[in-house]
Each structure stands twice: as structure tokens, then as C-alpha cells.
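Chemist: Any chance you can model this:
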Amino acid sequence: MNVARLAAVDAPQAARLLSEVRDATLAGQRARIAPRPVIEQSWGRMLRSGVDPEHDFRSGLLPYDEVRRRREESPLRHVLPLLRQGLLSVADVTQHIMVVADAEGRVLWREGAPPVLRKADGLGFELGADWREDVVGTNGVGTPAVVRRPVQVFAAEHFVRSHASWTCTGAPITDPRDGRLIGVVDVSGPLETVHPATLAWVDSVAKLAEARLRELHLESLERLRSVAAPVLARLDGRSLVVDRDGWSAAVSGMPYVRRVTLPKSLAPGRRWVPSLGSCAVEPLAGGWLLRAVEEPVGTVTRIVLDLGRASRSTLTVSGSAGSWSRELSPRHAELLYLLAVHRSGRGAAALAEDLFGDPSRTVTVRAEMSRIRRYFGELLCHRPYRFCEDAEIEVLLPDDPRDLLPSSTAPAITRRRTAAQDGEPRAQ
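Modeler: Just a heads-up that it's a prediction; the model follows:
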């Protein structure tokens, strides 16, 4: 069923039909029409996490000082004018509001038609509100943050009954520097305001915001490069200048490296940097100067792949030279999980079959693995692709295997979720 089209023609009829679908599905019965897969999967997560579909739960609002602090620290502040330009003029005419939330689902900006803002207040959709999926159920802010793609939630597709008079359309915004989720932009309003084109409209504006963030990052690297060039000209040996996220601005005495993985809380002094080894670290305006120091390379002893949280996956590495951690993009989390499961290795064709159901898509797989090896080169081998043999690997999984990498549509991941095996085997 095309919910948006039906709702645009007859919103009350669509709402009644979806209410029947919701009631039957949550009662464990077969509905006349199956809910959309993205909605059905979200409902399943809500039932497993204990969200009450009949009662509206609201966590405390953030104090305004905390909202202001988060605004000042959020990269979303740089694209707020673009979001307003792309969404607010139309949203106001069509009786919607625009909501921008951070990666934790907290509402940081909320603007639009005053009557709709007042209705949103009645739902707890206020400034500083916590709109994560596992707090308020299936919705246009929390659900896109989990599945990492645009989602429209209409009427009774909301898990909590009191939200059924509402329609929400949200799209995630990721940081182009590392693929990390930084927030969600959402357009919401009363259910009769739904339109079939809203999903594509919101998604397009979110992509424009990501493109603008990419431009801003390239501009900052250019500024850092102008500072780095005279510094590196005076140095011998292997050196490079990177920004705060590890992106290279200039390199001397070594092949160009697009990006290096920096330890958390990097500070000046002698530090061990993945892929470079021991380095003398010095601060520069907007970045770091890294000078490689020739010392024996530390050995990696333990790798922990943490997939236990729906919206955030990380890889933590410990060894003789210390430990470091990195947040993973959804695609890199998929690939590293598959390599952890298949410790003997996986060729490009096998990984293409795992990810896309098409073993011929080896070019795409090799490109992704090349990106991963830029960050984790010393951890991974190739021909076939695999983790280094000497390291102990532990995979931390969600309590319910059906919640494994919920944004993934890879056939191999989907099969593991569907099987819902108790005590998923961990790679050792």
C-alpha cells in the first residue's frame, strides 16, 4: 500500500486503515494489509524494548542553557539557514513545522506555523524534548536515526497511539568527514497535511545540507594547508598535518595519506597513532602536526567490535602501545562484522554476495575495503580480506539478534536478524 498517495486522496480513510493494521499487528494477528517493512521492523524493536503503545512517555526537557550549548557545538548550526530556506517557506504554507534534532534525538530547533507548533506542544514535541525511537516509539525523528535513511510516519504508523493524529517525515544528516550521524531534520504536521512528495523533498534538503558541510570541510582544510606548508618545509623525515578529525592537509617525506585515525582526546607529546606508529604530536591552528618517530611497531592484541547500540557502532583496539576507538559508518560496521564472523577471510565476490546479493559487485566492495584499510590498515589483511591472525576479536551484539545493525539491508545481515538466534556466536 502506498500510504502517502492514499492519505493524499483520503487522509481519514488512510488513518482508519492504518489503525486497523496497527491494532491487528500489535495483537499478534494478521492484518488485511501488511505494514510497510520499515514500520513493521520499528514496531518489533519497540515491543522488544518495552515501549508502551498505549501510553505517552515523555522524558524531561533539556534546560534552555543545555539546548543552547548543544546548538553551539553542533555542526548543524552551519546548515540551519539552508534548512530554513529549503523547508520553512513551504512548511508554513502547508501547515507543517520544521524540527531539527541532534544525534541523540534531542530537539534543538523547531520553527513553523504557530497553530501547528501549539499542537506539537500537546504531543511533547517541544524544544529540548527527547524524541529517540526507544523513548517515544516509531516517529519521524528517532526512526530515521536508527535506520539511517529517510522515513515518513503517517497516522497510526506511529507506535504510540496518542501520536496517531500526526504525520512526520524525517531524514538523517551525517557528517561527510566520517559518516557519523549528527542529527535529523523533520517536517511534521496534522495528518491531513500529508503529501506524497514530502519524503523526497525532505531527503533532498538533507542531502543539500550534507553537501554544504562537505564544502565547509574542504574550505577548512585549505586554510590549514596554508598554515602547514611552511611548517613542513622546515622538517626532515615523515611528517603530516591533519585537522582535528584526522584529514590530511599536507604531507612531507611519505606517501600521501588521505586520513589517519586519531586517538580520542589527542594531546601534545609522544603518542601512538594507528597506521603511523609512534609520533611527536604538536598543535597547530585548526589541527595537529604529526612527526613520525622510528620505534618498533606496537602489537595489536584485542579488537572489540561494538554493535550493541542501534544508532552507533564502534571499533576499539588495544595493544602494547595503548588503545584507541573509532565510530563506524553503517557500511564499515557491516563489513567488519562479516569479517569478524568469517575469521578465515572473505573474498571480494563473497562480500559482494553478502552485502548486495550480487557477487559481481566486486568493484564497490574493493572501494569500500580500500577506505577501511586507510583507517585500520594494520588490523586487516587482504587476499582474502580478513582480520590479522594474532588479534583476539570480540563482537558485542544487541540483546536481541533481531536488532543487529537495524539500518542494514545486506542479505547476510538480514538473514542473521531473521534467524534471531539466541547467543549469536562471537568471533574469537
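Chemist: Count the residues that sit near the residue lying closest to E392 once chain neighbours are set aside.
Modeler: Nearest residue to E392, sequence neighbours excluded (C-beta to C-beta, 6 or more residues apart in numbering): R302, at 4.8 Å. All C-beta atoms are positioned from the backbone trio N, CA, C, and that covers glycine. By other C-beta atoms under 10 Å, the residues close to R302 number 13.
Chemist: can you check the one 5 residues further on too?
Modeler: Applying the criterion other C-beta under 10 Å, we find 23 residues in the vicinity of L307.
Chemist: ditto for E104
Modeler: Each residue near E104 was counted by other C-beta under 10 Å, and the total is 15.
Chemist: circling back to that earlier point, per-residue confidence, the residue nearest to E392, what does it come out as?
Modeler: Note on R302: pLDDT of 84.
Chemist: ok, it - contacts?
Modeler: Residues counted as contacts of R302 (C-beta atoms under 8 Å, 6 or more residues apart in numbering) are V317, S318, G319, A391, E392, I393, E394.
Chemist: doesn't the second one fall inside a strand?
Modeler: Okay, so that is S318. Yes - S318: assigned to a strand according to DSSP: H, G, I helix; E, B strand; the rest coil.
Chemist: and the closest residue in space to it that isn't next to it in sequence, helix, strand or coil?
Modeler: Nearest residue to S318, sequence neighbours excluded (C-beta to C-beta, 6+ apart): R302, at 4.5 Å. Secondary structure state of R302, per three-state DSSP, is strand.
Chemist: how close does R302 sit to L328?
Modeler: Here R302 is placed at a distance of 17 Å from L328 (C-beta to C-beta, to the nearest Å).
Chemist: For stretch 239-247, give the mean pLDDT please.
Modeler: In this model, stretch 239-247 has an average pLDDT of 92.
Chemist: For it, buried residues please.
Modeler: S239, L240, V241, V242, D243, D245, G246, W247 (16 or more other C-beta atoms under 10 Å).
Chemist: Using CSV, lay out the residues you listed together with secondary structure and distance to S344.
Modeler: Listed next are the buried residues of stretch 239-247 as CSV, based on DSSP: H, G, I helix; E, B strand; the rest coil; distance: C-beta to C-beta, whole Å:
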residue, secondary structure, distance to S344
S239, strand, 39
L240, strand, 35
V241, strand, 40
V242, strand, 35
D243, strand, 38
D245, coil, 34
G246, coil, 31
W247, strand, 34
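Chemist: Which of the residues you listed sits closest to R180?
Modeler: Nearest to R180 among the buried residues of stretch 239-247 is D245, at 9.5 Å by C-beta to C-beta.
Chemist: Pretty sure D178 is one of the things that closest one touches, is it not?
Modeler: Yes - using C-beta atoms under 8 Å, D245 is in contact with D178, at 6.3 Å.
Chemist: For G308, see how far away the residue nearest to S318 is.
Modeler: When R302 is compared with G308 (using C-beta to C-beta), they lie 17 Å apart.
Chemist: same deal with V100?
Modeler: Remark: distance between V100 and G308 (C-beta to C-beta) = 27 Å.
Chemist: Same question for E126.
Modeler: For E126 relative to G308 (C-beta to C-beta), the value is 30 Å.
Chemist: so where's the stretch 301-428 of the chain shaky on pLDDT?
Modeler: 320-322, 377, 420-428 (pLDDT under 70).
Chemist: ok, now with 50
Modeler: Where the stretch 301-428 of the chain drops to pLDDT under 50, the residues are 422-428.
Chemist: quick one, helices of it?
Modeler: 330-341, 348-356, 362-376, 411-419 (DSSP state H, counting those that start in this stretch).
Chemist: got the angle for the first one vs helix 411-419?
Modeler: The reference is to helix 330-341. Helix 330-341 runs at 70 degrees relative to helix 411-419, counting by axes from the mean of the first three to the mean of the last three C-alpha atoms, to 10 degrees.
Chemist: again, but for the third one
Modeler: Orientation check (the same axes, to 10 degrees): helix 362-376 against helix 411-419 gives 80 degrees.
Chemist: what's helix 362-376 packed up against?
Modeler: helix 330-341, helix 348-356, strand 380-381 (3 or more C-beta pairs under 8 Å, 6 or more residues apart in numbering; DSSP states H and E).
Chemist: deepest of these, which one?
Modeler: helix 330-341 (a mean of 22; mean count of other C-beta atoms under 10 Å).
Chemist: Packing partners of it?
Modeler: Counting contacts by 3+ C-beta pairs under 8 Å, 6+ apart, the secondary-structure elements packed against helix 330-341 are strand 300-309, strand 312-319, helix 348-356, helix 362-376, strand 386-387, strand 392-396, helix 411-419.
Chemist: what about these, which gets the closest to I33?
Modeler: The closest approach between I33 and any of the helices and strands packed on helix 330-341, judged by C-beta to C-beta, belongs to helix 411-419 at 21.4 Å.
Chemist: Output the closest one as CSV, nothing but the C-alphas.
Modeler: Written as CSV, here are the backbone C-alpha positions of helix 411-419 (Å, rounded to 0.1, in the frame of the first residue of the first chain):
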residue,chain,number,x,y,z
PRO,A,411,21.2,-10.1,2.7
ALA,A,412,23.8,-11.7,5.0
ILE,A,413,22.8,-9.3,7.9
THR,A,414,19.1,-9.7,7.2
ARG,A,415,19.4,-13.5,7.3
ARG,A,416,21.1,-13.3,10.7
ARG,A,417,18.4,-10.9,12.1
THR,A,418,15.6,-13.1,10.7
ALA,A,419,17.1,-16.2,12.3
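Chemist: how far out from the middle of the chain is it?
Modeler: Put simply, helix 411-419 sits 20 Å off its chain's centre (C-alpha atoms, centre = their mean, to the nearest Å).
Chemist: tell me the angle it makes with helix 348-356.
Modeler: Helix 411-419 and helix 348-356 are oriented at 50 degrees to each other (the same axes, to 10 degrees).
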